[in-house]
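Undergrad: Below are the sequence and a predicted model; questions follow.
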Amino acid sequence: MAVPTKYQPKKVEEKWYRYWMNQGYFHAEVDRKRKPFTVVIPPPNITGSLHMGHALNSTLQDILVRYKRMKNYNACWIPGTDHAGIATQNVVEKELLKEGKSRFDLGRERFIKKVWEWKEKYGDRIIEQLKRLGCSCDWERLRFTMDKGCSEAVTETFVKLYEKDLIYRDEYIINWCPRCQTALSDIEVEHEDEKSYLYYIKYPFKTGGQLESGKVRKWESEKGKYRSLRPRGARPRLWRAITDHRSPDFITVATTRPETMLGDTAVAVNPKDKRFKGLIDKTLILPIMNREIPLIADDYVDPEFGTGAVKITPAHDPNDFEIGRKHKLPEVRVIDTSGKMTKEAGKYEGWDRYECRKRLLEDLEKKGYLEKKEDYSVPVGRCYRCSTPIEPLISLQWFLKVKKLAKPAIEVVKKGRIEYIPKRWEKVYLDWMEGLKDWCLSRQIWWGHRIPVYYCKKQQDPRSSILDPGKNKHPASSIKHQEGCPPIVARKRPDKCPRCGNKNLIQDPDVLDTWFSSAL
């Protein structure tokens, strides 16, 4: 037989991989006489292709599994793929868009059928790539996170965690993608610094002068170096005090998001900041909206940021939300799930949030409230799938209490049972784990494991109205179950409400975060 003059890796790899497969070298059966060594592959998404991270990770796993197999361990490497909820849904929605359709035109059942068709056609691409890498997986045990067995495991896990009081439903501030129309976990938000501005806005005291009452004119400083706004007839003492960002008449607040000021319910300063001594608990007038809001003190405020006074918008900022709950402030929602201004935003209702910013700044300048703006680098959070800037919103969602679950994972590192190499990553890990907030589990999409929760709903009862779950864009927040009947968390759909006997039940339309199932 002639020896090839040139090495042909593709032919050699295909030949030997086919031989290994035919001999069943990768398959493992239960054998109590041999020590087990099992690895479950971190399931790659069905939407993508292998990248360098996959190649490295899979190669490292393959080395370990092959080594243990040669050492006579009963080695089993279980392969699988992830249904990748948002990612897969986005891909299929883009295909529909080419036909001029959306998922809402199809309805839930037809859309899910369409996704399954796409999965059957393209979903095995990444499996073939793993085989091309030479991965010695037990392909007879291939799993998909939406398979029947995996789906049952997801339901069982959710119910058990709920029974242990680790899962709950509540209104809380979450990351919301206006394009994908769903909540996102913190890890699904990518932050990047972007050039923007820090806007300085004057908030008048209720008992002080209100700048909008006088005419405003442009004026130049003596040296002509800058232009500003000065109310005609304003007292020289008052105008000089603006440089200190406070006066008997107003406080200046610095913000990177002026459009959210329409939902302000307080202004906060640090209690140790002597500049604001004697002003705490005074009442301010919210510019443009003419709503009374308090001046409060909170240790969270950084005296070095801006003017030392910050606006508090509990409905649209995670930190403000915590301060608002602490001080029992109202939560005024001025931006909706589409990124547009709500009726609470007054005359700006219906405007896109960024168009509102532009128009609001014009109005603030006309009325003498906009003191100045400075160049500023702003960390903007974007959806990891579509890159749309996320909007913090208060929403009714399902959450997992993570602190109790994180505790053992923290202890094994602190006690040295798990070692990080390089050592510096240990601190990164501990800082992350100790700073975790409860995990928002629910997603307002259709592709994924539907939450195993049911609500009691009386026929013809307006209190229990819910839009068609096959067409509704935001069904979870629309569910109003029968008064006195709590949500029913169950492994299988109940025949009736255990409390009132009503048989008209509806399942929660939301699905679980992809990572809830891939972690299993």
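TA: Alright, I've got the coordinates.
Undergrad: Helix, strand, or coil at the residue nearest to residue 140 when sequence neighbours are not counted?
TA: Once flanking residues are discounted, residue 140 sits nearest to residue 27: 5.6 Å by Cβ to Cβ, 6 or more residues apart in numbering. In this view, the C-beta of every residue, glycine as well, is placed from N, C-alpha and C. Secondary structure, DSSP: H, G, I helix; E, B strand; the rest coil: residue 27 is coil.
Undergrad: can you give me the strands in the stretch 251-400 of the chain?
TA: With strands called from DSSP state E, counting those that start in this stretch, the stretch 251-400 of the chain shows them at 266-269, 283-286, 291-297, 309-312, 370-383, 391-400.
Undergrad: List the strands paired with the fourth one, with their directions.
TA: For strand 309-312, sheet partners with direction are given as strand 266-269 (antiparallel), following DSSP bridges.
Undergrad: and the partner strand, how far from the chain's centre?
TA: Distance of strand 266-269 from the chain centroid (Cα atoms, centre = their mean, to the nearest Å) equals 26 Å.
Undergrad: Now that strand: buried residues?
TA: The neighbour-count check on strand 266-269 (16 or more other Cβ atoms under 10 Å) flags 266-269 as buried.
Undergrad: nearest to residue 251, of the strands of the stretch 251-400 of the chain?
TA: strand 309-312 (5.1 Å; Cβ to Cβ).
Undergrad: Could you report the distance from the nearest residue to residue 487 once chain neighbours are set aside to residue 159?
TA: In this structure, residue 487 finds its nearest non-sequential neighbour in residue 453, 5.0 Å apart by Cβ to Cβ, 6+ apart. Relative to residue 159, residue 453 is positioned 10 Å away (Cβ to Cβ, to the nearest Å).
Undergrad: and the two? which has more neighbours close in?
TA: Neighbour count, other Cβ atoms under 10 Å: between residue 453 and residue 159, residue 453 has more, with 22 against 16.
Undergrad: quick one: buried residues of the longest helix seen in the chain?
TA: Longest helix of the chain, by residue count under DSSP state H: helix 52-70. For helix 52-70, a neighbour-count test (16+ other Cβ under 10 Å) marks 54, 58, 61-62, 65-66, 68-69 as buried.
Undergrad: How about stretch 256-264?
TA: Buried residues in stretch 256-264, counted by 16+ other Cβ under 10 Å: 257-264.
Undergrad: ranges for the helices of the protein?
TA: Using DSSP H, helices in the chain cover 9-23, 52-70, 85-98, 103-106, 108-122, 125-132, 148-163, 236-241, 318-327, 353-366, 403-414, 424-434, 514-518.
Undergrad: ok, and for stretch 330-344, which residues are buried?
TA: 331-337, 339-342, 344.
Undergrad: need the buried residues of stretch 256-264 in TSV with distance to residue 172 and pLDDT, can you?
TA: Compiled in TSV, these are given as follows (distance: Cβ to Cβ, whole Å; pLDDT from 0 to 100):
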residue	distance to residue 172	pLDDT
257	20	97
258	25	97
259	22	98
260	18	98
261	22	98
262	22	98
263	17	97
264	20	98
